[in-house]
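Asker: Fold the following and give me the result.
(chains A and B)
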Amino acid sequence: MVDVLRDGHWRKLPWRRLVVGDIVKVHKDSFFPADLLFLASTNQDGVCYVETSNLDGETNLKIRKALERTWDYVDEERAKEFQGEIQCEQPNNSLYTFTGNLIIGKQTLPVTPNQLLLRGCSLRNTEFIVGVAVFTGHETKVMMNAMNVPSKRSTLERRLDMLILILFSILFIMCFIDSICSGIFINRKYWYLGLTSDVEDQFNPGNRFLVACLTFLTFVTLFSPIIPISLYVSIEMIKVFQVTQFINKDVKMYHKETNTPALARTSNLNEELGQVEYIFSDKTGTLTRNLMEFFKCSIGGVIYGKGVTEIEKAAARRNGTGIEEMESPAESHEKYFNFDDDRLMRGAWRNEPNPELCKEFFRCLAVCHTVLPEGDELPEKIVYQAASPDEAALVTAAKMFGFFFFRRTPTSIRVRESHVEKIGRMQDVEYEILNVLEFNSTRKRQSVICRYPNGRLVLYCKGADSVIYERLMERHNPFKDTNRDHLEYFGAAGLRTLCLAYRDLDINAYEMWNEKFVQAKSALRDREKKLDEVAELIEKDLILIGSTAIEDKLQEGVPVCIETLAKGGIKIWVLTGDKLETAINIAYACSLMNNGMKQFIINSDTKEIRDVEDRGDALETAQVIERYVAERLNESLRQAVESEQTQTGLELALVIDGRCLMYALDPELRGTLLKLSVMCKAVVCCRVSPLQKAQVTSMIKDGAKKITLSIGDGANDVSMIQAAHIGVGISGLEGMQAVMASDFAIAQFRFLTDLLLVHGRLSYLRISKVVAYFFYKNLMFTLTQFWFNLYTGFSGQRFYDDWFQSLYNVVFTALPVIIVGIFDKDVSITNSRKYPQLYKAGIENIFFRWRILIIWAISAVYQSVILFFFPIKAIEEGKNSSGRMLGLWDAGTMAFTCVVVTVNLRLFLACNFITRWHLISIFGSILAWFIFAFFYSGFRNPLDKQGNIYQVIFVIMGTWYFWYAIVLVPVASLALDFLHEGMRRWFAPYDYHIIQEEEKIKGVERDELLLVESPRQAPEQSLELTGLHGEMSKHTGYSFDSPCFDSFFASQEGVSMSQRSYDIARRASMRVSRRQSSDLGSDSPPPGHNSLI
Amino acid sequence: MVGVIFIPIGILSLLASNRVVEIVHRYDDVCIPAKYSTDKVRFIQSADLSKNCTQTITIPRHMKQPVYVYYELDNYYQNHRRYVKSRSDTQLQNGGVSNTQNCKPEQNLLGNASLPIIPCGLIAWSLFNDTYDFRDGTTKISVNKTGISWKSDREHKFGNVKPENFPNNLNESGVWIGGASLDVNKSLNEDEDLMVWMRTAALPNFRKLYGRIETDLQANTVLNVIIHNQYNTYSFDGKKRLVLSTTSWLGGKNDFLGIAYLAVGSLSIFLALVFLGAHLKNRRSLGDINYLSWNKKQQQNGNTRS
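Answerer: Residues are numbered from 1 along each chain as shown, chains lettered A, B, ... in the order given. Predicted structure coming up:
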């Protein structure tokens, strides 16, 4: 319901009654019912705040501003006087553009997206607004944007279609053969068929062609059970059950912290989860928490910090050494800081061998940065506004070490230093900041020149090891080599490192330099370049202090998960909008890459390319890059092939950035890229746009014909989530865009292990079994009829009664296979996890290959022969002890009984695991048949003109033959399958067979099974979940764009964004401008994030 | 285990089947005068020629009563769709003319709706009408024709319905005679031959019970059988046989089930032995994870490297 101005009053109307031109009042925290032209708000200045997370996943509030002319149409009285005409563009799907004019009186006012309130957004922090509906219903931008979500079907299902097609062709072949023969067979010599006069067309020997045609139709109906119509229904039931009972209720995939269970948004793709070969993962928010933590440091050649990274844990686990679980102490857990070492904390550093250096280290952290403090100047309350989380981490670290940076003025930084003079003593020190030499991607370092209160003049510098080491003083750096070792150690542990250095400056030398600096700063041309050159002059002869190691905090269990998945034969690619270095770093941290790998790095950020770029010729740049990419690709491929051939066992890794990728995805190079990337164990794509993410995904999907899975959390991952076979969204955080586009939503990356290795694998196993079984049972059933019709003059006579035939699929054989589809399990859940290699079976599709189906088909043919001929043979010459003969329907009923028994018992051979449900359903089905048979032949069906089956079951059950057959026939027909299964198990066992045996010997932990599988436990679980799930998060303030969204918009345009340097003052003003411009979407160049590596 | 159970069953069945004495005598080819051997159909269709034909059968072994008499037809498609459905079970039970449309072309006599045929349909119309008289020398051996149909047929499927307008009973021109005529005074559930015939056979080669001889037949007895050979199987080259058979506890002579049981049983024992042998030869201890494919691969790699 929404307030609409009708007849001069606000009326509550349902949304659907809204028409274009209505004046609408929207209250706080409610959604806009249509695309509205913003007229007035209760806020001053005609602004309102809008939350757009439904549209783009961004959680920061946007500001919309009404045209000044319309500000006062707030209340009812004024609003009804509003007269105007709106001219605007046709409805379209662009969320960030809108052009139009508002004509009030004679005045024409241009209208921009700034005045447009989109449906799907909600109003925040504003009491109410008044607006005019511009687009309603399906014409609203969000609805125009609602892409038809590609309906995804699993490959298995598509293969199933093929199977159905094959069954259809079998059907037609059978019908064709039989109908031709029926045309030939029909003859007046069979006088007892009464073919001489008054013959319907189907049997008229006078027109054999017509006979064949009509009989064909008869056969189609007769053999139609070969098409397993109920298969689709059964599969759907199984899948829904799998989804609702297993996946959604798996405690192992329930994230307690965010109260998020796994959620399967579609039930179509369960078995696809068991065949994934490629995983494309987003980085931020998926692999990492986008949280930097100060983790370790090395000062003066000594490593401090006791923490153990995930990757080290994983490595330790691999080696079997098993580090004692050193859980990072939770109590001292400050955001950005995960460090504990008594040697440094609480002033203890004074007793270290090198206290002076420690002091410099902390000062460097506290002084050399571009962070803005906000809030109260107390260590607990202060909030650091940093451009990158790294910087915030460093400054926080300084704070924790007792160097609390709390105030910044344009010329100074104030630091509250503890323990400097003596333990426990605090003093505020003001450092005068003389110059800031900013960070940029070429310099890869940042320096601050500051003057101590005592006049000491120091340059603090932090930056990448490569650039710092170049500029160190030749002498006086005793720790150079140890520090390098430490850097390598940090790097291998997946930490982001920075080197810290300082230099005492001579006042005269500084003055001279400063002149040059000021000159450069005021230069009109090439200012940046000149500044860099000047900076070079002073950033030399540095003295190394040490290095910091920051952990880009991974999501819980990511390295273990990745390693497990890799063992299962899954290849994981990281697609990120982040920088090359960061991406590589994360690849290391996730144990995707290690130092033993041969890396191919294709990066557009090389000197040649930059030089060409500087010349500013876009075309030339493109050509150069293209040539470069082609060269690198071919070269890499050559090397890759070489190393493959020489079998050095060297693992390969490819790192490519978005810009190069753009060219590499060109049709000419695509093949090369594909070949190369398929050979690589790890592939990292950095600086890629959402579109490229999707392109890479579809390259593998279509090019390599492999099953792909994309996992991501943000709006920028939507395209790849939709492009992949399976899209997985990370849920539980704000921003639902990715989840809405996904097929499965899980709360944590690590849950992929369970989702794929347990649920996916089992679903695949189950579904392939079910499909194969259906194929078999229908084929077999129909073939018996086919054999029979060879003996009926191809007349299309039914072997079984109509009712038997129609209930065969629906009742007598339906339930057990569904039970198997739901409960079958080859090995226990623990072992599924313990042996991720089992997953390879899915990738290689060994349970649904044509070979498997052919084996089933052979079994079906064999069984159909047995099931037709044995009962028929048994009674053909047979006389009951009183000499009487059995007829057609007796034979049919007997054969049908055997069929039902056999088909149901066949399941015992097919399933790995028998519960009481199996027993109940299998024997229940057989019993159902008998009950039905008794009932059906016990009563004369008034609707059925032919009482064919009337009394039949009693007749045949009174003969020995029946009992003989019912024992013999199933055994004889299952013998072949039994033989095959046995051979398989003994001589060429599948991996799961062996593990089953192992389980049999060692026993399985039952508890663990119950936890996941017991349906009894589930309801409580779900109750608990639903109870808390409804809570909505309330938004009261702004949140700032995290850097990954900046790069999202930049990279969306396909532009590789250059790192923009900016000074502190500008940053402060920028924030204001950004707040205003962010609602314009992508057209304001957002500041790059200068995370330092 | 299957073998252990099945083989004895098979042996027992075979023994039972072997005790059964069965005589099969084909007569359609011999019961035809030599001059009609090229035109058998004309012979069988002519009304004037005598169809009687005497055959001698020697009893090879002692046949304990009851000796069942069957006729066996070949290439006779009682299971043809047109044939199978050409009956009205409603009519057979209750009489009347409802539900007779499947009986075409034998629904109404001469297509005249006022003359509904009871029992209608091709099956009844084509009722087998050869008859057999058995003599031991000159003494007539009586054949008991009661109880040859299933009880359920007599009591449930066929009712107290008298034949009407049955074409085979008429001798008018234009009425095409199929098989045997019916006694208009005998209701359908008393006509056991009809009930036997109407339990249509599953295969085109079938036997139907004709009657029982309720005296023992000694070995080497020579039976004279006077066959009234009038049923037309010549037009479609169907064979006719007369079968005399005793039964065992299991039924008639039927080696098939016994053989099948024996085969399946011995096959399973054989396979068990094969498995055992193969297992002993190529031992893989249960649950040995070294046999997991990836472990195997590693071992191979290790081997090639070392």
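Asker: Every contact and neighbour count from this point should use C-alpha atoms.
Answerer: Fine.
Asker: The strand or helix carrying A:Ser806: which residues count as buried?
Answerer: With secondary structure defined by DSSP states H and E, A:Ser806 is part of helix A:802-807. Buried positions in helix A:802-807, judged by neighbour count with 16 or more other Cα atoms under 10 Å in any protein chain shown: A:Phe804, A:Gln805.
Asker: Quick one: mean pLDDT over it.
Answerer: Per-residue pLDDT values over helix A:802-807 give a mean of 85.
Asker: Stretch A:68-78 too?
Answerer: This predicted structure assigns stretch A:68-78 an average pLDDT of 80.
Asker: ok, which stretches of the stretch 1-150 of chain B are helices?
Answerer: In chain order, the stretch 1-150 of chain B shows helices spanning B:2-19, B:40-45, B:81-84, B:89-94, B:122-125, with DSSP state H, counting those that start in this stretch as the criterion.
Asker: Among the ones you listed, which comes closest to B:Ile213?
Answerer: helix B:2-19 (17.9 Å; Cα to Cα).
Asker: Quick check, A:Pro110 in contact with A:Phe98.
Answerer: No: taking contacts as Cα atoms under 8 Å, A:Pro110 lies outside contact range of A:Phe98: 10.2 Å.
Asker: do you know how far A:Lys516 is from A:Ile538?
Answerer: 11 Å (Cα to Cα, to the nearest Å).
Asker: Could you do A:Leu867 as well?
Answerer: With distances defined as Cα to Cα, the gap from A:Leu867 to A:Ile538 amounts to 94 Å.
Asker: between these two, who's got more neighbours?
Answerer: A count of neighbours by other Cα atoms under 10 Å in any protein chain shown puts A:Leu867 above the other of A:Leu867 and A:Ile538, at 27 against 19.
Asker: Go through the helix or strand harbouring the more buried one and flag the buried ones.
Answerer: Secondary-structure assignment from DSSP H and E places A:Leu867 in helix A:850-876. For helix A:850-876, the neighbour count (16+ other Cα under 10 Å) marks A:853, A:856-876 as buried.
Asker: go on, stretch A:955-966?
Answerer: Along stretch A:955-966, the positions that meet the burial threshold by neighbour count (16+ other Cα under 10 Å) are A:Val955, A:Ile956, A:Thr959, A:Trp960, A:Tyr961, A:Phe962, A:Tyr964, A:Ala965, A:Ile966.
Asker: List the contacts of it.
Answerer: Contacts to stretch A:955-966, defined as Cα atoms under 8 Å, 6 or more residues apart in numbering or on different chains, come from residues A:870-871, A:874-875, A:880, A:886, A:890, A:894, A:897-898, A:901, B:150, B:152, B:250-251, B:257.
Asker: Can the helix ranked longest in chain B be said to contact chain A?
Answerer: Among the elements of type helix in chain B, defined by DSSP state H, the one spanning the most residues is helix B:255-281. Yes: Helix B:255-281 lies in contact with chain A when judged by Cα under 8 Å from any Cα of the partner chain; the contacting residues are B:Phe256, B:Leu257, B:Ala260, B:Tyr261, B:Val264, B:Ser268, B:His279.
Asker: how many other residues sit next to the closest residue to chain B within the stretch 751-900 of chain A?
Answerer: Per Cα to the nearest Cα, A:Leu888 is where the stretch 751-900 of chain A lies closest to chain B, at 3.8 Å. Other residues near A:Leu888 come to 24 when the count uses other Cα under 10 Å.
Asker: same question, the one 4 residues further on
Answerer: Summarising burial for A:Gly892: neighbours were counted as other Cα under 10 Å, giving 25.
Asker: Can you verify it is assigned to a strand?
Answerer: No: using DSSP: H, G, I helix; E, B strand; the rest coil, the assignment for A:Gly892 is helix, not a strand.
Asker: quick one: contacts for it?
Answerer: Going by Cα under 8 Å, 6+ apart, A:Gly892 touches A:Phe799, A:Tyr800, A:Asp801.
Asker: Could you list the low-pLDDT ranges of the stretch 101-250 of chain B?
Answerer: Judged against pLDDT under 70, the low-scoring parts of the stretch 101-250 of chain B cover residues B:172-174, B:249-250.
Asker: With the stretch 451-600 of chain A instead?
Answerer: In the stretch 451-600 of chain A the weaker segments, taking pLDDT under 70 as the threshold, are A:476.
Asker: quick one: contacts for the residue of it found nearest chain B?
Answerer: Per Cα to the nearest Cα, A:Lys567 is where the stretch 451-600 of chain A lies closest to chain B, at 9.9 Å. Contacts were defined as Cα under 8 Å, 6+ apart; by that measure A:Lys567 touches A:Pro836, A:Gln837.
Asker: Check the secondary structure at A:Leu968 for me.
Answerer: Assignment for A:Leu968 (three-state DSSP): helix.
Asker: What separates the first and last residues of stretch B:176-196, distance-wise?
Answerer: Distance across stretch B:176-196, first residue to last, is 23 Å (Cα to Cα).
Asker: How about B:Tyr132: which residues does it bridge to?
Answerer: Beta-bridge partners recorded for B:Tyr132 (DSSP bridges): B:Ile227.
Asker: From the centroid of chain A, which residue is nearest?
Answerer: In chain A, the centroid-proximal residue (Cα atoms, centre = their mean) is A:Ile711; its distance is 2.0 Å.
Asker: thinking that one is in contact with A:Ile730, fair?
Answerer: Yes: here A:Ile711 lies in contact with A:Ile730, judged by Cα under 8 Å, at a distance of 7.2 Å.
Asker: so of the helices of the stretch 1-150 of chain B, which one's packed in deepest?
Answerer: Burial of those is given as mean neighbour count (mean count of other Cα atoms under 10 Å in any protein chain shown); helix B:122-125 ranks first at a mean of 28.
Asker: what about it and chain A, any contact?
Answerer: Yes: counting by Cα under 8 Å from any Cα, chain A has neighbours in helix B:122-125: B:Leu122, B:Ile123, B:Trp125.
Asker: Closest one of those to chain A?
Answerer: For these, with chain A as the reference and Cα to the nearest Cα as the criterion, the closest is B:Leu122, at 6.5 Å.
Asker: which one is that closest one nearest to, not counting chain neighbours?
Answerer: Nearest non-adjacent residue to B:Leu122, counting by Cα to Cα, 6 or more residues apart in numbering or on different chains: B:Ser86, 5.5 Å away.
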